[in-house]
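Engineer: generate coordinates for the sequence data below:
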Amino acid sequence: MVPGGLTKAQTATPEVQGIADQVKLELENKVNRTYEIFKAIIFKTQVVAGINYFIKVQVADADYVHLRVFQSLPYKHESPRLDGYQTGKTKDDPLVYF
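Structural biologist: Have a look, this model is predicted:
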């Protein structure tokens, strides 16, 4: 892994799904939409002063969003923070830094 670089894409884990779930309501408020489906598919991470998670989330049969979620270092005891998102993505759109 290159310091500051993104890891290779990995299949989403229950931990990553939990991180996505914690920012779901915030995303729904920002895009003024409710998602019945909210399934983390793949993710990449970037080590900073904590971890940035880039997560591809399925929100409908053929509709995906990309999330950038910051998780601070454990000693800070802070919840994940939604730092960015991209809507209108497809299953095949690459998960890249944004």
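Engineer: how about the secondary structure of the residue sitting furthest away from the middle of the chain?
Structural biologist: Ranked by distance from the centre of the chain (C-alpha atoms, centre = their mean), the top residue is residue 75, with 21.6 Å. What DSSP: H, G, I helix; E, B strand; the rest coil gives for residue 75 is helix.
Engineer: ok, now residue 22?
Structural biologist: Strictly by three-state DSSP, residue 22 counts as helix.
Engineer: state the distance from it to residue 91.
Structural biologist: As for residue 22, its distance to residue 91 is 24 Å (criterion: C-beta to C-beta, to the nearest Å). Where C-beta positions appear, they are placed from N, C-alpha and C, glycine not excepted.
Engineer: which one of those two has more residues nearby?
Structural biologist: Each of residue 22 and residue 91 has its neighbours counted (other C-beta atoms under 10 Å); residue 22 has more, 15 against 11.
Engineer: quick one: that one and residue 81 touch, right?
Structural biologist: No: using C-beta atoms under 8 Å, residue 22 is not in contact with residue 81, being 9.3 Å away.
Engineer: apart from its chain neighbours, what residue comes closest to residue 81?
Structural biologist: Nearest residue to residue 81, sequence neighbours excluded (C-beta to C-beta, 6 or more residues apart in numbering): residue 70, at 4.8 Å.
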